[in-house]
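Enquirer: Have a look at this prediction, sequence included:
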Amino acid sequence: MNLYRVVPDTAMISLADDLAHDTLRSWFRPHPGWTWALVSTPSGETVDAEGSSRALSNPVDRAILTSLRDQSEAVVLGGSTLRAERVPIPRSGPLVVVSRTGDMRGHSVPEKSFRHGGIWIVTPDDISDDPTTHFPSGVARHLPLPGSGDVSPRDLERALQHEGIQQVLVEAGRDFGSQCLEQNMIDSVNLTLTRSPKTDTHPPLPWWQEHWGEWTAGEVFTDDQRYLYLRYRRAD
């Protein structure tokens with residue numbers, strides 16, 4: 001498949017090209033701060049009936065996401081996403097799993113990506129079980145945070161900053177992503193749109209809240225299936 005850059009200037013690459021990997025890294029270098037990556041239909045669905053986004057994705061989208069992961073200091077997602085999606089540990093930093101219970105049973109992390117300390121499981125500090133036991137010894141690390149119930153995105157941000165991590169890719173679903181937006185933590189959005197939107201709003205998602213601020217798509221791409229890939233930055 002081919003990927004076409006439309007904005008800021010026109011260019012094209014084939015995923016089969018030997019230089020495609022390097023070009024993707026250049027085109028989709030993560031912005032500073034927190035980036036939320038998601039795929040959506042124009043009507044706003046971000047997962048299929050099985051709770052997975054894979055049916056909405058395509059090879060170009062997955063190649064872009066892999067490039068973003070491998071250039072990020074950490075990749076954050078929820079426990080439900082880890083069970084629904086086959087998400088490998090990125091090469092450049094930890095896979096940070098946010099979980100209310102610490103129950104990692106049924107996870108889909110590919111075994112071939114396992115490495116020492118590659119998974120950080122962030123939970124409230126009142127859970128009784130050790131979530132690292134769901135992985136081979138040394139692969140996972142437990143980071144308990146004060147409180148009970150849901151992990152606060154802001155508390156997670158502080159915990160990652162304490163570990164020296166500033167640049168984060170959020171692969172969590174709409175609930176956690178929206179919480180981060182509510183707390184003004186998201187600096188950029190990488191949106192894959194499965195076909196052309198029916199609206200000119202930015203980003204073109206029906207559930208996007210106006211009080212999340214003004215955003216502009218400074219980089220726009222498309223592919224042979226007419227997916228749209230939009231890289232939004234805060235305009236305010």
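Expert: Okay, I see it.

Enquirer: Was I right to think L68 contacts L38?
Expert: No. Counting by Cβ atoms under 8 Å, L68 stays clear of L38, with 11.4 Å between them. Quick note: C-beta positions are derived from backbone N, CA and C, even for glycine.

Enquirer: joint contacts of the two?
Expert: Residues touching both L68 and L38 (Cβ atoms under 8 Å, 6 or more residues apart in numbering): N190.

Enquirer: Please, where are all the helices along the protein?
Expert: Taking DSSP state H to define them, one finds helices in the chain at 20-27, 59-70, 79-84, 153-162, 174-182.

Enquirer: So which elements touch the third one?
Expert: Here helix 79-84 is seen to pack against strand 95-98 when contacts are counted using 3 or more Cβ pairs under 8 Å, 6 or more residues apart in numbering; DSSP states H and E.

Enquirer: where does the strand it packs on sit relative to the chain's centre, distance-wise?
Expert: The chain centroid and the centroid of strand 95-98 are separated by 11 Å under Cα atoms, centre = their mean, to the nearest Å.

Enquirer: Then stretch 162-178?
Expert: For stretch 162-178, the distance to the chain centre is 7 Å (Cα atoms, centre = their mean).

Enquirer: Of all the residues in that stretch, which ones are buried?
Expert: Residues of stretch 162-178 classed as buried by neighbour count (16 or more other Cβ atoms under 10 Å): 165, 167-174, 176-178.

Enquirer: buried residues in the helix or strand bottoming out on mean pLDDT in the chain?
Expert: For the chain, the helix or strand with the lowest mean confidence is helix 79-84, at a mean of 84 (criterion: mean pLDDT, DSSP states H and E). For helix 79-84, the neighbour count (16+ other Cβ under 10 Å) marks 79-84 as buried.

Enquirer: what does it contact?
Expert: 47, 50-53, 87, 97-101, 103-104, 106-109, 171-173.

Enquirer: H142 versus L56, what's the distance?
Expert: 32 Å (Cβ to Cβ, to the nearest Å).

Enquirer: I'd guessed S113 sits against P94; true?
Expert: No. S113 is not in contact with P94 according to Cβ under 8 Å; the separation is 11.6 Å.
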